[in-house]
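Asker: Predicted model and sequence below, questions to follow.
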Amino acid sequence: MGSMLRTWLEVILQQTHLVLPKISCTRESLVFMYGEDAVQEDEETWRIPCRHRVFPGASEEALAQAEQAMGFPLPEALKELLQITNGLELYVSPAAGYYSPTFHIEYRIFSTTELVTINQNLLKDFRAMLGDDPDFRDVHALNYVAFCDAHDGNYLAILLEGPERSKVFFLDHEYLFRPYSEQDADLYYTVAPSLDAWLELVAKTEGWGGFGEPTPMI
């Protein structure tokens, strides 16, 4: 495996705080979510103590079963990540307020089983909402795979085809999970050119940059 994916993942797993720019959220909102004692700060950022959860890697059989169920091969970088950890929770912090006693997970990357269920449901939702539209009547498969929960019914997805294949983009539920197209690129904005680059972005921003711009408010 020649990618930098494992390297950037190791950097993330060594980080002990989720860092958030002060321009992106208020102290009050963070206190409500995490509690007074959890919110630390420096001149430009808020810092929330966190940990990460990794799991045993997926077997070749589990990956093959997922690909068969979804009807397409998984991107190689995603397969590499799943072989390291079958599912992944990054920047996990105890939640306060109405979240208590649960946890806030900034990035929840799906296991092979979740990948199948979630992506099958996205296709069903798309067909239910846009299947009768003349522009989509003959579309019976999506050209992306959603791999990470982006909160509020949104996802991060990897493009499966075309000149920008393998890029990570923000899959906004408001656009009814339609396939990605270059004509509608402004709807699903690009976060990173690849999964490796996405992990690098998350690592270098210490957690806050993985949803791209605009960053969903907390």
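Answerer: Now that the structure is in, tell me what you want to look at. All of these numbers come straight from a predicted model, not from anything done at the bench.
Asker: Pop out the phi and psi values for L171.
Answerer: phi -100, psi 100 (degrees, to the nearest 10).
Asker: contacting residues for the closest residue to W198 other than its chain neighbours?
Answerer: What sits nearest to W198 in space, not counting adjacent residues and going by CB to CB, 6 or more residues apart in numbering, is A192, at 3.8 Å. Yep, even glycine has a C-beta here, placed from its N, CA and C like the rest. A192 is in contact with 167-168, 198, 200-201, 212, counting by CB atoms under 8 Å, 6 or more residues apart in numbering.
Asker: ditto for R165
Answerer: L159.
Asker: Distance of it relative to L63?
Answerer: With the distance defined as CB to CB, to the nearest Å, R165 ends up 19 Å from L63.
Asker: Please, which helix or strand holds the residue most central in space within the chain?
Answerer: Compute the mean C-alpha point of the chain, and by CA atoms, centre = their mean the closest residue is C148, 2.8 Å away. Per DSSP states H and E, C148 falls inside strand 144-149.
Asker: Now that strand: average pLDDT?
Answerer: Strand 144-149 shows a mean pLDDT of 98.
Asker: by contact count, what packs against that strand?
Answerer: The contact analysis (3 or more CB pairs under 8 Å, 6 or more residues apart in numbering; DSSP states H and E) places strand 144-149 against strand 103-109, helix 112-130, strand 155-159, strand 168-171.
Asker: Report the distance from it to the chain centre.
Answerer: 6 Å (CA atoms, centre = their mean, to the nearest Å).
Asker: and the angle from that strand to strand 103-109?
Answerer: 160 degrees (axes from the mean of the first three to the mean of the last three CA atoms, to 10 degrees).
Asker: Lovely, talk soon.
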